[in-house]
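*Asks:* Fold the following, please.
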Amino acid sequence: MEPRTLLDFMGVAERLKCNMRHSRTAENRRESVAEHTYRLCVFAWLVKEEFPDCDMDKVMRMSLFHDLGEAVTGDIPAFVKTDSDREVEESAISNVTVMLPERERKELDALFDELEKAETMEAKIVHALDKMEALIQHNEADIATWLPLEYDLQMTYGEKECKADPYLAKLREVIRQISADKIASEGEERGQSYYIRKGVENMHLEEVVALLHRTDWAKDRTEELIRKSMENACPYGLFLSDCISEGGKDRQIGFARVLTDGVTTFYLMDLVIEEAYRGQGFGTIMMNQIMKENGHLYGMLHTQTAKAFYERYGFREIGNTKKTEEIYMEKPCG
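*Replies:* Next up, the predicted model:
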């Protein structure tokens, strides 16, 4: 390979040392993409004897380059990554591999194509190990660094991919048990410190009013209007059981309401999380519950700034209005 080409590609790969992932190490610092990649390769080498009929050299090569696109895009945690993000990453990979001579470019393009299709056992192994490495890293980190939604993710993430092989499924179960033991042994209660309730009788009106009055879209609504809007819809509340309010009730830090006929259509409105608790996964927790109960229906909503968030749940932009700068979105049934 021509030296300048080699060095240019090495320069791109160096970005993997600089770009940080969401996960933290046992020393409470964020890990780099390169560190995750290195240990994934170690992981692949350690399990090679479990797959005598597979091309484990190819598994190693796939592991080595699987996150190459993040040299350009940076890491986006799986629980916030959208289809649009994946398309950008695929484009970034193409822009990087085109730097290489034809032989090396074709080899890498073929590896990425095989990974994307996830049809071969080699590709399935890489996808399963990739997810389990992240789970292992979370188990090694201080539990205080876990986001609320990660208590559930540690139990479910990668489950589908690990069903590709009995050994992978067995390994995933061991990792799941370590997560459960970690929560229990460290006396961490944050996994059970929040819960969701629906129905107007379960909402804390004063706290809902305070939440909505801090938004741009509902700051002028009266308390009576907010109360009636809850009565005529299906309201959802997110509560923290370790944040007791003056009235002795668990504190409500999230709110949303759904208008629905229950069989064909739902309209999502007023999803809001208290500002101090944003960026910790609570919005995702709430939306997951709402979609679990309503996601099989045709859905509608409008938003100003959260388009990418709702795209994760199948919503797509269908129009906007310059007057309010709101984006109208819909999702098909199912």
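*Asks:* in stretch 152-169, what's buried?
*Replies:* 153-154, 157-158, 161-162, 164-165, 168 (16 or more other C-beta atoms under 10 Å). (Glycine included, C-beta is placed from N, CA and C.)
*Asks:* Give me the residues contacting that stretch.
*Replies:* 47, 50-51, 78-79, 121, 124-125, 127-129, 131-132, 134-135, 138-139, 146, 171-172, 176, 179-180 (C-beta atoms under 8 Å, 6 or more residues apart in numbering).
*Asks:* Return the subset of those lying in helices.
*Replies:* The helices, defined by DSSP state H, take in 121, 124-125, 127-129, 131-132, 134-135, 138-139, 171-172, 176, 179-180 from the contacts of stretch 152-169.
*Asks:* Of these, keep whichever come out buried.
*Replies:* Counted by 16+ other C-beta under 10 Å, the ones in helices among the contacts of stretch 152-169 give 124-125, 127-129, 131-132, 134-135, 138-139, 171-172, 176, 179 as buried.
*Asks:* out of those, which one sits closest to Glu70?
*Replies:* Glu70 lies nearest to Ala134 out of these, by C-beta to C-beta, at 13.3 Å.
*Asks:* which one is the closest one nearest to, not counting chain neighbours?
*Replies:* Nearest-residue entry for Ala134: Ser23, 6.1 Å, with adjacent residues in sequence omitted and distances by C-beta to C-beta, 6 or more residues apart in numbering.
*Asks:* So for that neighbour, what's the pLDDT?
*Replies:* pLDDT recorded at Ser23 is 90.
*Asks:* go on, Cys243?
*Replies:* pLDDT, read off for Cys243, is 58.
*Asks:* go on, Lys106?
*Replies:* pLDDT, read off for Lys106, is 97.
*Asks:* And for Arg257?
*Replies:* Confidence for Arg257, expressed as pLDDT, is 96.
*Asks:* neighbours around it, how many?
*Replies:* By other C-beta atoms under 10 Å, 23 other residues sit near Arg257.
*Asks:* repeat for Pro332
*Replies:* 10.
*Asks:* list the contacts for the residue lying closest to Leu147 once chain neighbours are set aside?
*Replies:* With sequence-adjacent residues excluded and distances taken as C-beta to C-beta, 6+ apart, Leu147 is closest to Gly281, at 4.1 Å. Contact analysis of Gly281 by C-beta under 8 Å, 6+ apart lists 79, 147-150.
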